[in-house]
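K.L.:
Let me see the structure of the following:
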Amino acid sequence: MKTKKIVALVLSMAMVLGVAACSKDDAAESTGAAETTAATTDATTAATEGTDAVVETQAIVVDTSDYKEEEVNSDVQNSDDQDGQLIIFGFNDEFQSRIDEFSDISYDDYQITPNDGSAYTILLDQVLSSGEGAPDLFACDADYVKKYIVSSNTKSINSLGIAYDELSEMYNYTLRFAADDSDVIKGLTWQACPCGVFYNRTVAEATLGVSEPEDVAQYFESWDAFIDAARTVAEAGDYRIVSGWDDVFKSYLNSRSAGWVVDGKTNVDPALEDFFGTALTLKSEELTWETTQWSGDWSTNATNETVLSYWGPMWLGYSLGMNNGDSNPTAGDWGMVPAPTTWYWGGTWIMASKYCDKDADVAQIMRDICIDEDTLKTINVEYGDFVNNIAYMTSVADPSNEDGQVEWLGGQNPFGVLLEAAKTIDNSTVGIDDASINGMFTSVVTSYVNGDIASVADAEAEFANQVVAGGFATA
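P.N.:
Predicted coordinates for the structure are as follows:
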């Protein structure tokens, strides 16, 4: 482990200045101005010249001294409360399958409650408030993890016996998600979810006249380039560049420089202001199929060669069956290029509840799934996740590493693109109420692009009214 940390430190030295500048480009990039972010430029280079340059320049500083480390419990033990049971809650079966495959710790109950209609978070709020039926360990999605991290309902990892020097290979933004308002880390994840643009090679050839990543990348290198490409794709026939205008929302949302609420007041970041214009153009010029993300039509359009691109992390490709020729005839016909901005989407964080009486077991599960290098390598190779280990993902991005070649992406290694994106991701803007506020914003944008709200100013005013009415900000 010590040798590995030294290697990571050497790799990180050159990145100090680049990381400091990560959030300054967001306001400009949505205008589609000629200037693109440094991260996007680097990632485009990765797409056009292979990943050698990425491996040589990859350097990410992870300084756990930025976080407040409490006294580490060096004698962590389980107690016999709750009849000696280890109880785990999750919103799907993914975390359960990871425990079953990679940990020898036995659990007594794994309760799955999908978060449809906020059912899972409602349940968590109830059991964490009363303590009755509360889990020892539970998982949260990125949309609502911050809510539980900053509360008194979760324990620090230090209290579980996990020291910060065990986290030296984790991406900083994954730790920032898991830190409370005092910078105490209270959760871990095995995933990091940087994003890129999946594109269909056949559609690219039919509409743009090119199909290889090095040729397709230019059409997504800025927002202006994207809109121009959207028009070209639509003019080519029954094709669209994205299935619905909301496909690009998270690339704006998760690259903003400030949160929804600043000093108690509603705030619309310049990146989100620009999103109104992009959404309106896509809608008014009929440049999409006007589907809604996660709808049946949206998913179907990933199988019928009518949509050029879907935007997201590696897990999105699996969700859309891009790896499964039985369910998706386009499997193997996809590639990846950088998006106009660097961003993240999703991830699962695990944390101990304040009622946890199985500290030793919970700590071991966290180590087994989120820290163990062999586990992370297997998850990357078997399941395609971009895992939360800087040194390992740097090695996978090397073009000589066959583990990085993805069959359903036509044999392309996408991890150089994603590695560059991961360099500059900043999620410090995420707030505890974002899941609710995000929905308010997209609802207002929908009304605006449909003509029900006359101007961006009126739309922002309506959004602010909704945020205040929801109790998330003051007037």
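K.L.:
ok, the residue lying closest to V242 once chain neighbours are set aside to A271 distance?
P.N.:
Nearest residue to V242, sequence neighbours excluded (C-beta to C-beta, 6 or more residues apart in numbering): T288, at 5.4 Å. Bear in mind the C-beta positions are built from the backbone N, C-alpha and C, glycine included. Separation of T288 from A271 (C-beta to C-beta, to the nearest Å) stands at 20 Å.
K.L.:
same check, this time on F386
P.N.:
Counting by C-beta to C-beta - F386 and A271 are separated by 23 Å.
K.L.:
circling back to that earlier point, do you know the pLDDT at the residue nearest to V242?
P.N.:
Here, the pLDDT recorded for T288 equals 98.
K.L.:
now swap in the one 5 residues further on and tell me
P.N.:
pLDDT, the model's per-residue confidence, is 97 for Q293.
K.L.:
So it is in contact with D246, correct?
P.N.:
Yes. Using C-beta atoms under 8 Å, Q293 is in contact with D246, at 5.1 Å.
K.L.:
Report the contact partners of the residue nearest to the spatial centre of the chain.
P.N.:
Ranked by distance to the mean C-alpha position of the chain (C-alpha atoms, centre = their mean), the top residue is W345 at 2.3 Å. Applying C-beta atoms under 8 Å, 6 or more residues apart in numbering to W345 gives the contacts A142, C193, C195, K250, N254, G312, P313, L316.
K.L.:
so of those, which ones are in helices?
P.N.:
K250, L316 (DSSP state H).
K.L.:
Low-confidence stretches in the protein?
P.N.:
Scanning the chain for pLDDT under 70 picks out the ranges 1-62, 80-83.
K.L.:
do that again at 80, thanks
P.N.:
Along the chain, segments meeting pLDDT under 80 span 1-63, 79-84.
K.L.:
Sketch out the strands for it, chain order is fine.
P.N.:
Along the chain, counting by DSSP state E, strands occupy 87-90, 109-112, 137-141, 196-200, 261-262, 265-266, 309-312, 334-337, 348-352.
K.L.:
nearest to T189, of the ones you listed?
P.N.:
strand 348-352 (4.7 Å; C-beta to C-beta).
K.L.:
now for that closest one, which elements pack on it?
P.N.:
helix 94-102, strand 137-141, helix 145-149, helix 359-366 (3 or more C-beta pairs under 8 Å, 6 or more residues apart in numbering; DSSP states H and E).
K.L.:
Name the stretch among these that sits most buried.
P.N.:
Highest mean neighbour count among the helices and strands packed on strand 348-352 (mean count of other C-beta atoms under 10 Å): strand 137-141, with a mean of 25.
K.L.:
May I have that strand exported as PDB, CA atoms only?
P.N.:
What follows is the C-alpha trace of strand 137-141 in PDB, where atoms were taken according to Å, rounded to 0.1, in the frame of the first residue of the first chain:
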ATOM      1  CA  LEU A 137     -25.600   0.000   6.900                       C
ATOM      2  CA  PHE A 138     -27.400   1.600   4.100                       C
ATOM      3  CA  ALA A 139     -26.800   2.800   0.500                       C
ATOM      4  CA  CYS A 140     -27.700   6.000  -1.100                       C
ATOM      5  CA  ASP A 141     -27.700   7.300  -4.700                       C
END
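K.L.:
Any idea how far apart the tips of stretch 244-255 sit?
P.N.:
20 Å (C-alpha to C-alpha, to the nearest Å).
K.L.:
Use 485 as the first number from now on
P.N.:
Understood, numbering begins at 485; the last thing we discussed is stretch 728-739.
K.L.:
ok, residues contacting it?
P.N.:
So stretch 728-739 is contacted by 510, 513-514, 679, 710, 726, 755-756, 758-759, 762-763, 766-767, 772-777, 782, 793-796, 823-829, 909, 911, 922, 926, 929, 933 (C-beta under 8 Å, 6+ apart).
K.L.:
Just the buried subset of those, please.
P.N.:
Burial by neighbour count, judged by 16 or more other C-beta atoms under 10 Å, picks out 510, 513-514, 679, 710, 726, 755-756, 758-759, 762-763, 766-767, 772-773, 775, 777, 782, 793-796, 823-829, 909, 911, 926, 929, 933 from the contacts of stretch 728-739.
K.L.:
Please name the nearest non-neighbouring residue to D559.
P.N.:
G645 (7.8 Å).
K.L.:
Could you double-check that the one you found sits in contact with D843?
P.N.:
Yes. The pair G645 / D843 is scored as a contact, 7.1 Å apart, by C-beta under 8 Å.
K.L.:
Please enumerate the shared neighbours of those two.
P.N.:
N557, V560.
K.L.:
Hmm, D588 and I849 touching each other?
P.N.:
No. Contact between I849 and D588 fails when scored by C-beta under 8 Å: they sit 9.6 Å apart.
K.L.:
Now do D577 against W674, distance only.
P.N.:
Taken as C-beta to C-beta, the span from D577 to W674 is 15 Å.
K.L.:
Between these two, tell me which one has more neighbours.
P.N.:
W674 (27 against 11; other C-beta atoms under 10 Å).
K.L.:
mind listing what that one touches?
P.N.:
W674 sits in contact with R582, T832, I853, C854, T859, L860, I863, D869, V871, N872, where contact means C-beta under 8 Å, 6+ apart.
K.L.:
Out of those, name the ones that lie in helices.
P.N.:
R582, T859, L860, I863.
K.L.:
among these, which two are most distant?
P.N.:
So, these by C-beta to C-beta: farthest apart are R582 and L860, at 10.7 Å.
K.L.:
The closest residue in space to T859 that isn't next to it in sequence and S879, how far apart?
P.N.:
Among residues not flanking T859 along the chain, F586 sits closest, at 4.6 Å (C-beta to C-beta, 6+ apart). Distance of F586 to S879, computed by C-beta to C-beta: 20 Å.
K.L.:
Same check on T913?
P.N.:
For T913, the distance to S879 - C-beta to C-beta - is 31 Å.
K.L.:
Run through the residues that contact L771.
P.N.:
I711, A714, R715, V717, A718, R724, I725, V726, T765.
K.L.:
And for Y628?
P.N.:
So Y628 contacts N599, T605, A919 (C-beta under 8 Å, 6+ apart).
K.L.:
Which ones among the residues you listed map onto helices?
P.N.:
Using DSSP H, the contacts of Y628 in helices are T605, A919.
K.L.:
for the closest residue to A720 other than its chain neighbours, what are its contacts?
P.N.:
Among residues not flanking A720 along the chain, T691 sits closest, at 4.0 Å (C-beta to C-beta, 6+ apart). Applying C-beta under 8 Å, 6+ apart to T691 gives the contacts T716, V717, A720, G721, Y723, L792.
K.L.:
Okay, T691 and A713: tell me how far apart.
P.N.:
8 Å.
K.L.:
who touches both of those two?
P.N.:
Contacts common to T691 and A713, judged by C-beta under 8 Å, 6+ apart, are L792.
K.L.:
before we move on, the earlier item: the helices and strands packed on strand 832-836: which one's closest to Q950?
P.N.:
It is, among these and with distance given as C-beta to C-beta, helix 629-633, at 19.0 Å.
K.L.:
any residues touching that closest one, and which ones?
P.N.:
605, 608, 612, 622, 624, 638, 661-664, 670-671, 833, 835, 914-919.
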